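> need a 3D model of the sequence below.
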Amino acid sequence: FLESLLNNCQEWYHERDHLLRSDSKSGRWAAFMSFLNEMYGLVGSPVHTGLATNLAAIILQLKRKQLQLLTKYEGIPPKLVLLSLLAECCTVTLTAPALTSVNEVECLFLVLTHIGRDLMAETPGQMTLILSCLREAFLMADAPQQVRKTLLQLIELQAAGWQLPAESVMYYYPGAKM
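Take a look at the predicted model:
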């Protein structure tokens, strides 16, 4: 099941301009990224790593033996496949011709704060690319102020090791009580 789901997510990603981003106001791209982000959180959760993983592995082995099925993700952990796919989604979002959707940028914020440390550890090259795209997007003159503020917060978060100091939190969230 997980393998089929990952394959479908990859297909949707590759067809994103037609399936997910054809109407920037629809919110489908942000919903897709949120779905991947939730899936990423569940794949490594303790509930998934126990009995469910063993059962899924046994079923998958049986299916492969029956069908002689080999995929392009053979031997790659699902969590790493999802991490890589999420990183690609972040890059696509940041390199959009017009980064004006507050919804997409807020979704990007949630995704990067969830996977940022893992990206640095597992795929530092992808994280470097995302940071470069993040800086470029921030410097775009035509991005709305809320988008630019969220991008700046992401830049600062990454620079601070994904943990903002209290002063920065007060800047971004003036109503927050420390």
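> can you pull the buried residues of whichever strand or helix holds residue 7?
Per DSSP states H and E: residue 7 is located in helix 2-14. Applying a neighbour-count criterion of 16 or more other CB atoms under 10 Å, one finds 2, 3, 6, 9, 10, 12, 13 buried in helix 2-14. (Glycine included, C-beta is placed from N, CA and C.)
> any chance of those in CSV, plus distance to residue 127 and pLDDT?
CSV is the format used below for the buried residues of helix 2-14 (distance: CB to CB, whole Å; pLDDT from 0 to 100):
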residue, distance to residue 127, pLDDT
2, 25, 78
3, 26, 81
6, 21, 87
9, 20, 90
10, 20, 89
12, 23, 88
13, 18, 88
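> ok so, going back, ok, then the element right after the helix holding residue 7?
helix 16-19.
> who are the packing partners of that next one?
Here helix 16-19 touches helix 28-43, going by 3 or more CB pairs under 8 Å, 6 or more residues apart in numbering; DSSP states H and E.
> low pLDDT regions in this structure?
For the chain, applying pLDDT under 70 flags the ranges 21-25, 44-74, 178.
> just the helices in this protein please.
With helices called from DSSP state H, the chain shows them at 2-14, 16-19, 28-43, 46-47, 53-67, 78-94, 102-122, 124-139, 145-159, 166-172.
> return the most buried member of these.
Scoring the helices of the chain by mean neighbour count under mean count of other CB atoms under 10 Å gives helix 78-94 as the most buried, with a mean of 21.
> give me the contact list for that helix.
Helix 78-94 is contacted from outside by 2-3, 6, 9-10, 13, 16, 29, 32-33, 36-37, 39-40, 43-44, 73, 99, 104-105, 107-108, 111-112, 115, 118-119, 122-123, 126-127, 129-130, 133-134, 136-137, using CB atoms under 8 Å, 6 or more residues apart in numbering.
> quick one: residue 34 from residue 111, how far?
8 Å (CB to CB, to the nearest Å).
> contacts for stretch 9-29 next, please.
The contact list for stretch 9-29 (CB under 8 Å, 6+ apart) reads 32, 35-36, 39, 82, 85, 88-89, 92-93, 101, 103-104.
> and it, how far out from the chain's middle?
14 Å (CA atoms, centre = their mean, to the nearest Å).
> cheers, nothing more for now.
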